[in-house]
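Got a sequence here, can you model it:
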Amino acid sequence: MALTKADATFVSSQSCAAAATVTGSLVDLSAVYETDLQIKITNGATGPTVACSAVLETTTDGGTTWKERARWAAGVANNGVYQFNDTIPIGVQGARVVFTGNTGQAVTVEAFGSTVTALI
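Modelled structure (predicted):
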């Protein structure tokens, strides 16, 4: 049995300023069997005072209502790189990733996924 897979961008690599929030767009998973989500938070030469958190939110109504499914917190180390991953199951219709909470310094954030779209 062969699988068909596709890439999904939740949040392209970008800066999350101190005390700011980066909210990814809705990723439609309604025709997806499963998604492997990969999250990365990278601190600068001076780490933040309070660490950045990545929040996986899911929706069942096309993006009107969001519920928190999982949360990961990075650390505050200078030049720290923190990676997290999760599997989003078949029942999730849509998802997004939100980065928030870092204070004192900006951090670089990104979230990507690999979806299974067909079983042949």
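
Name the strands paired with whichever strand or helix holds residue 40 and say parallel or antiparallel.
Taking DSSP states H and E as the definition, one finds residue 40 inside strand 34-43. Sheet partners assigned to strand 34-43 using DSSP bridges are listed as strand 81-88 (antiparallel), strand 107-119 (antiparallel).

how far away is the closest residue to residue 63 other than its chain neighbours from residue 66?
In this structure, residue 63 finds its nearest non-sequential neighbour in residue 26, 4.2 Å apart by C-beta to C-beta, 6 or more residues apart in numbering. Bear in mind the C-beta positions are built from the backbone N, C-alpha and C, glycine included. Plainly put, residue 26 is 9 Å away from residue 66 if you go by C-beta to C-beta, to the nearest Å.

between these two, who's got more neighbours?
With neighbours defined as other C-beta atoms under 10 Å, residue 26 and residue 66 compare such that residue 66 has more, 18 against 15.

so the closest residue to that one other than its chain neighbours is in which element?
Spatially, and ignoring its direct neighbours in sequence, residue 66 is nearest to residue 57 (4.2 Å; C-beta to C-beta, 6+ apart). Here residue 57 is covered by strand 53-59, with elements defined by DSSP H and E.

helix or strand right after that strand?
Remark: after strand 53-59, the chain's next helix or strand is strand 67-73, criterion DSSP H and E.

Please name the residues that touch residue 104.
With contacts defined as C-beta atoms under 8 Å, 6 or more residues apart in numbering, residue 104 is in contact with 18, 46, 48, 49, 50.

And it, how close does it get to residue 13?
From residue 104 across to residue 13, the span is 21 Å (C-beta to C-beta).
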